[in-house]
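A.B. asks: what shape does this take:
(4 chains)
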Protein chains: 2
Amino acid sequence: MKTLSIKDIAVEAGVSITTVSFIINGKARDKSISEAVIKKVEKIIAESGYKPNQIARSLRTGNSNIIGLIIEDISNSFFSRIARLIEDKAYKKGYKIIYSSTENNVEKAKELINMFKSRKVDGYIISPIKGLEEDIQQLLTDSKPVILFDRSLPGLDTNYVGADHFKATYESVESFIKQGRKKISLVTTDIDVQQITERLDGYKKALVDYGITYDENLVLKVYFNQEESETRAQMEKLFSNVETDAVLFATNYLAISGLKVLKQTKIKIGKNLSVIAYDDHEVFELHTPGISAVQQPLEEIAEAIIQLILRQLSSKTKLDNEQIVFSAKIIQR
Amino acid sequence: MKTLSIKDIAVEAGVSITTVSFIINGKARDKSISEAVIKKVEKIIAESGYKPNQIARSLRTGNSNIIGLIIEDISNSFFSRIARLIEDKAYKKGYKIIYSSTENNVEKAKELINMFKSRKVDGYIISPIKGLEEDIQQLLTDSKPVILFDRSLPGLDTNYVGADHFKATYESVESFIKQGRKKISLVTTDIDVQQITERLDGYKKALVDYGITYDENLVLKVYFNQEESETRAQMEKLFSNVETDAVLFATNYLAISGLKVLKQTKIKIGKNLSVIAYDDHEVFELHTPGISAVQQPLEEIAEAIIQLILRQLSSKTKLDNEQIVFSAKIIQR
DNA sequence: ATAAATAAGTAAAACGTTTTACTATTCAAT
DNA sequence: ATTGAATAGTAAAACGTTTTACTTATTTAT
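C.D. replies: Coordinates of the predicted model:
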């Protein structure tokens, strides 16, 4: 069965293609098409199950009703939850999402942007990585709506939605100190994005403010692409060698690895070692003992992203960029 | 800056559009274009950064190099992991994925299929729900490649990749019985797909085979869209009222809710109550005590899906449908 | 009775490709 | 010298829409 085209409908109704198009797009009344014709054509469309070819539509109009979502890794629950929320909200406005994971690989990310470009997506929601500055700038120059989230890139004037990571780690360290902890460790990644450096800065600043000297040996920077076994080995060393009495994990997957390591040792979380994880996860809630975590307001972040992008999509003029930063909350467990 | 078209390249190179198109598509040698022209054009393309408009390409060729992935919920870790694996493998073959979540809503799922159709995706990977039979049949009639996974729909002759759920629940119950458990409960959902009914059947059959009478009161069917608080209340009742001594959860999100409930009670997992969850999750590994789980071979499932769909995509003739069923493994913890 | 305005609708160009069928030139073989 | 094939390339149609500029018939205002 050949799929129907607008022409088939036009022939069937005995009117021109133009007329059918006007009707489909709700411009019939504007263009003074009679009620009788409108009814007739609508009936034929409904009965035939005709659906406009979006590809042809895109080619002609230059837009696609698709938003491209570029994230680090869809299998990370932080991203998959955000993705779900964004998808949901976008869907209600008639937009679809195409997503892809960068795996923190600059080349892959660039390809993704290109591929989204050549598919004429209407807007971009990106959790960026270093090295993408030029490509993103190009999108901006072409005046495509772009929203960065979770991370921003210095030197790029864009819309941004994220959380106050500096404050979150600062307060985490503060809470350790108030519990009497002295040897506070940070497990973070080497990826070079503002969000991650902010976390380190907050950590350092809190130490300094409370008169504890920063000790490099207490900071573990894990490479993003390294094997989990190696990560675990490094953590094991950190937890045992030094008499660390608190550890702050800068991402949830690091915290999960860390908890696996700790499970093998005799170290008692809460007693010998206080732990705070970043980005809440069911694991932390169900763990015995419960693991405190920095919780970003996912729902609000997703809402802000979608608001911003929809606003841009529907405005003909270039709007001012906005930076929206939410406070994260420490869930004490 | 207007985006470049093939015409711009043609003009710049002083050749026809046709020639440029042949070169882009690697048909130049076939079509006897001289090396000199090929080199020249390729150079111009590289320098200008021209990228073909995929929309126009799709319109002309009728395919998109996009595979549509329809799942229940991207924020469920089972699906997000599968999605990630599929995305990865598809990407390597030059295919992109568009995904969307159905939330087990038939209407939404139908709309998604339509939207994928009108975007001319080349193939469909679907974790289906009851009520989609006709729409999927239509895709098959239009001879589009379709792979169902995780669940199949009775009466539909398609490719399918999944796990042997009957066996998995059978063995789970068996393992409970061998531990001396008698009052074995099943917490499952009401969604009416084969994969879920199979799980129930395996549970029943094992009971019967071991001479335990099936007791309806021990089976809790949770509605997919109900509030988590209600689910928890129902579970609480189940765990306390009856002297249940084992519980098998038919999905990971149900198990997670269940563990949250159990955490509030004095019931000791492993002592008063044996637990097995379905679809492994970090929570189960890290839980104290560890929670046994039925683990589907995600990597193999994803690989099989992608193999099947790529094979269909590259074959001109209609291939025989295949049903690939993997054994799931019970991870004892 | 006529000009102007409105109603009802359409023809055709355009979006950016791919592909078919064609032309023109050169070369090799008889 | 002529034919047939190979070489090198191109013109134009087609994919399915949207949209601009137009036509024709009817109504309204004078």
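A.B. asks: what sits against the residue of the stretch 151-300 of chain A at minimum distance from DNA strand D?
C.D. replies: Nearest residue of the stretch 151-300 of chain A to DNA strand D (Cβ to the nearest atom of the strand) works out as A:N159 at 26.1 Å. All C-beta atoms are positioned from the backbone trio N, CA, C, and that covers glycine. By Cβ atoms under 8 Å, 6 or more residues apart in numbering or on different chains, A:N159 lies in contact with A:145-148, A:308-309, A:312, A:321-323.
A.B. asks: so what's it bridging to?
C.D. replies: Following DSSP bridges, A:N159 is listed with bridge partners A:I147.
A.B. asks: measure it to A:I306 for me?
C.D. replies: 12 Å (Cβ to Cβ, to the nearest Å).
A.B. asks: about what we covered before: filter the contacts of A:N159 down to the buried ones, ChimeraX style.
C.D. replies: Here is the ChimeraX command that picks out the buried ones among these, judged by 16 or more other Cβ atoms under 10 Å in any protein chain shown:
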select /A:145,146,147,148,308,309,312,321
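A.B. asks: can you flag which of the contacts of A:N159 belong to helices?
C.D. replies: Residues of the contacts of A:N159 located in helices (DSSP state H): A:308-309, A:312.
A.B. asks: what subset of the residues you listed is also close to DNA strand D?
C.D. replies: When Cβ under 7 Å from any atom of the strand is taken as the criterion, no member of these contacts DNA strand D.
A.B. asks: where are the low-confidence patches of chain A?
C.D. replies: Across chain A, the ranges flagged by pLDDT under 70 are A:1, A:242.
A.B. asks: domain ranges for it?
C.D. replies: Per automatic domain parsing, the domain ranges recorded for chain A read A:6-52, A:63-163+A:299-327, A:165-295.
A.B. asks: A:I97 should be in a helix, yeah?
C.D. replies: No. Under DSSP: H, G, I helix; E, B strand; the rest coil, A:I97 falls outside any helix and is assigned strand.
A.B. asks: for it, list the residues it contacts.
C.D. replies: A:I97 touches A:66-69, A:83, A:86-87, A:90-91, B:98-100, counting by Cβ under 8 Å, 6+ apart.
A.B. asks: one step back: closest one of the ones in helices among the contacts of A:N159 to A:K43?
C.D. replies: A:I309 (36.6 Å; Cβ to Cβ).
A.B. asks: any idea how far A:A90 is from the closest one?
C.D. replies: Taken as Cβ to Cβ, the span from A:I309 to A:A90 is 8 Å.
A.B. asks: residue in the stretch 51-200 of chain A nearest to DNA strand C?
C.D. replies: Closest point on the stretch 51-200 of chain A to DNA strand C, by Cβ to the nearest atom of the strand, is A:R60, at 3.6 Å.
A.B. asks: beta partners for A:Y99?
C.D. replies: A:L69.
A.B. asks: tally of neighbours for it?
C.D. replies: 25 (other Cβ atoms under 10 Å in any protein chain shown).
A.B. asks: the one 5 residues further on now?
C.D. replies: The burial count assigned to A:N104 is 20, neighbours taken as other Cβ under 10 Å.
A.B. asks: now for it: which residues touch it?
C.D. replies: Going by Cβ under 8 Å, 6+ apart, A:N104 touches A:72, A:129, A:191, A:224-225.
A.B. asks: one more pass at 7 Å, please.
C.D. replies: Going by Cβ atoms under 7 Å, 6 or more residues apart in numbering or on different chains, A:N104 touches A:72, A:129, A:191, A:224.
A.B. asks: thought A:Q295 was touching A:D280?
C.D. replies: Yes. When contacts are counted by Cβ atoms under 7 Å, A:Q295 is listed as touching A:D280 (4.2 Å).
A.B. asks: name the SS class of the residue of the stretch 51-200 of chain A closest to DNA strand C, please.
C.D. replies: Per three-state DSSP, A:R60 ends up helix.
A.B. asks: what's the neighbour count on it?
C.D. replies: Counted with other Cβ under 10 Å, A:R60 comes out at 10.
A.B. asks: interface residues of the stretch 151-300 of chain A facing DNA strand C?
C.D. replies: Counting by Cβ under 7 Å from any atom of the strand, no residue of the stretch 151-300 of chain A is near DNA strand C.
A.B. asks: need phi/psi at A:K108.
C.D. replies: Main-chain torsions, A:K108, degrees, to the nearest 10: phi -60, psi -40.
A.B. asks: touching, it and A:T102? I think so.
C.D. replies: Yes. Using Cβ under 7 Å, A:K108 makes contact with A:T102 at a distance of 5.5 Å.
A.B. asks: ok, the two, which is more surrounded?
C.D. replies: A:T102 (22 against 16).
A.B. asks: quick one: residues contacting that one.
C.D. replies: Contacts of A:T102 by Cβ under 7 Å, 6+ apart are A:70, A:72, A:108-109, A:112, A:129.
A.B. asks: what segments of chain A are strands?
C.D. replies: A:66-71, A:96-101, A:123-126, A:146-149, A:159-163, A:184-189, A:219-222, A:246-249, A:274-278, A:292-295, A:323-326, A:329-331 (DSSP state E).
A.B. asks: chain center to the fifth one, what's the gap?
C.D. replies: This means strand A:159-163. 10 Å (Cα atoms, centre = their mean, to the nearest Å).
A.B. asks: just the CA atoms of it, as CSV, please.
C.D. replies: C-alpha atoms of strand A:159-163 as CSV (Å, rounded to 0.1, in the frame of the first residue of the first chain):
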residue,chain,number,x,y,z
ASN,A,159,21.3,30.1,28.3
TYR,A,160,22.2,27.8,31.1
VAL,A,161,20.4,25.8,33.7
GLY,A,162,22.1,24.2,36.5
ALA,A,163,22.7,23.9,40.2
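A.B. asks: so it versus strand A:274-278, what angle?
C.D. replies: 160 degrees (axes from the mean of the first three to the mean of the last three Cα atoms, to 10 degrees).
A.B. asks: now A:E171: closest residue in space, sequence neighbours ignored.
C.D. replies: Excluding the flanking residues, the one nearest A:E171 by Cβ to Cβ, 6 or more residues apart in numbering or on different chains is A:I330, at 6.0 Å.
A.B. asks: burial measure for the one you found, as a count.
C.D. replies: Neighbours of A:I330 (other Cβ under 10 Å): 16.
A.B. asks: and the gap between it and DNA strand C?
C.D. replies: A:I330 sits 51 Å away from DNA strand C, going by Cβ to the nearest atom of the strand, to the nearest Å.
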